[in-house]
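[1] show me the folded form of this:
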Amino acid sequence: MSEGRTSPHAATRGTVAAGQGEVPRHVACVMDGNGRWAAQRSLPRTAGHRAAETTVIDVIEAARSAGVGWLSLFAFSTENWRRPDSEIAFLMCLVRRVIRKHAPLLHARGIRCRFLGMTDPRIPPELAGDIADLMTLTARNRQMTLTVAFDHGGRRDIVEAARSLIRSGVLAEAVTEETFAAHLPFSDTPDVDLVIRTSGEQRISNFMLWQVAYAEWVFPQVLWPDFRAPDFLQCLEAYRRRERRFGGVLPNQNGGTQA
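    From the prediction side, this is the model:
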C-alpha cells in the first residue's frame with residue numbers, strides 16, 4: 001500500500017449523482033437473523049448458520065447476474081469471539097466446508113474471493129489454509145470480487161491503517177483521505193454503495209466503517225436464511241430509487257438546484 005496511490009474511495013465522494021437506474025458497484029450485506037430463524041423453529045442456533053449457506057450462494061449468483069462488481073458479506077466479527085465456544089467451533093467448521101464445497105463454482109463463475117480480517121490466532125490453521133488456497137485459486141478472476149469479512153472489525157482496520165501510515169513515515173501534513181485509505185486492507189476496494197442488513201435490525205455493527213461512509217442502507221425484515229435472489233433484487237431496486245447527493249445538491253427541472 002503506497003501513500004502515493006490514488007484511492008478508489010475518492011472516486012465517488014464530492015460527486016453529485018443520482019442512484020436512479022444504476023446498479024450499485026459495491027453491495028455489502030450484514031447477514032443478520034440466523035439465530036432468530038433457528039429460535040422460531042425451536043432449533044439450535046447452529047441450524048440457522050447451516051441454513052444460511054443456501055442464501056449466501058443465492059445472493060452471490062444474484063449479484064453477479066445483476067452486474068454488481070463488488071460484493072462484501074459480513075460473516076464473523078471481532079466481537080463474535082464472545083459467543084459460546086461450541087458455536088464458534090461450529091462456524092469454523094461450517095466455513096471450511098462451504099469453501100471446499102463451493103470453490104469450484106466460484107472459480108468457474110470468474111469470482112475473485114478475498115477474506116477481510118483473519119488476524120486472530122484462534123482461527124484454525126486448517127481453515128486459514130483453505131482460505132489461502134481459495135484466494136490463490138481465484139486471484140486472477142475479475143467477473144466479480146467477493147469479500148468475506150471474517151474476524152473483521154472496522155475500527156481495527158482504521159487503527160491498523162494509522163499504524164501503517166506511521167511506520168511508512170508519512171508526515172502528518174501529508175495525510176489525506178486518499179493516503180489514509182491507501183493503507184486500509186484491500187485498498188483497491190471501492191466505497192460501498194449499498195448496505196443490506198437483513199432481519200430489520202438497524203445497526204452498523206463495526207462493519208467496514210470507512211467504506212460505508214456514503215452508502216445507502218436498506219433494512220429488509222426477512223431473516224438471512226430466508227433471504228433469496230428476489231429479495232436481493234428488491235434491495236437493488238430500492239437503491240435505484242434513491243438520490244445520492246454526497247453532501248451536494250441535485251439540479252431541479254427548472255434548471256436550479258434542490259437540497
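[2] and Thr145, what element?
    Assigning secondary structure by DSSP states H and E places Thr145 in strand 144-152.
[3] just checking: what are the partner strands of that strand?
    Partner strands and pairing direction for strand 144-152 (DSSP bridges) are strand 70-77 (parallel), strand 111-117 (parallel).
[4] can you list contacts of it?
    60, 63-64, 68-78, 81, 95, 106, 109-120, 123, 131, 186, 189, 207-208 (C-beta atoms under 8 Å, 6 or more residues apart in numbering). C-beta coordinates here come from the backbone N, C-alpha and C atoms, glycine included.
[5] out of the strands paired with strand 144-152, which comes closest to Leu223?
    strand 70-77 (14.9 Å; C-beta to C-beta).
[6] after that closest one comes which helix or strand?
    helix 85-108.
[7] report the contact partners of Gly200.
    So, once contact is read as C-beta under 8 Å, 6+ apart, Gly200 ends up touching 219-221.
[8] could you redo those residues as CSV and give each row secondary structure and pLDDT?
    Converted to CSV, these look like this (DSSP: H, G, I helix; E, B strand; the rest coil; pLDDT from 0 to 100):
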residue, secondary structure, pLDDT
Phe219, coil, 98
Pro220, coil, 98
Gln221, coil, 98
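[9] and which of these is nearest Cys29?
    Pro220 (10.3 Å).
[10] contacting residues for the residue most central in space within the chain?
    Geometric centre of the chain, nearest residue: Ser72, 2.5 Å, by C-alpha atoms, centre = their mean. Contact analysis of Ser72 by C-beta under 8 Å, 6+ apart lists 26-29, 116, 146-149, 189, 192, 208.
[11] need the helices for the stretch 101-250 of the chain, in chain order.
    For the stretch 101-250 of the chain, applying DSSP state H, counting those that start in this stretch gives helices covering 125-138, 154-167, 177-181, 229-240.
[12] starting at the chain centroid, how far to the shortest one?
    Centroid displacement of helix 177-181 relative to its chain, using C-alpha atoms, centre = their mean, to the nearest Å, is 19 Å.
[13] ok, now stretch 24-38?
    Distance, centroid of stretch 24-38 to centroid of chain: 10 Å (C-alpha atoms, centre = their mean).
[14] now do that stretch: distance from first to last residue.
    Length of stretch 24-38, first residue to last, C-alpha to C-alpha, to the nearest Å: 31 Å.
[15] circling back: turn the contacts of Ser72 into a markdown table, columns for distance to Ser42, neighbour count and pLDDT.
    As requested, the contacts of Ser72 are exported to a markdown table (distance: C-beta to C-beta, whole Å; neighbours: other C-beta atoms under 10 Å; pLDDT from 0 to 100):
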| residue | distance to Ser42 | neighbour count | pLDDT |
| --- | --- | --- | --- |
| His26 | 38 | 24 | 98 |
| Val27 | 33 | 27 | 98 |
| Ala28 | 32 | 24 | 98 |
| Cys29 | 27 | 25 | 98 |
| Leu116 | 34 | 24 | 97 |
| Leu146 | 33 | 24 | 98 |
| Thr147 | 34 | 24 | 98 |
| Val148 | 30 | 23 | 98 |
| Ala149 | 30 | 27 | 98 |
| Thr189 | 40 | 22 | 97 |
| Val192 | 36 | 25 | 98 |
| Met208 | 34 | 26 | 98 |
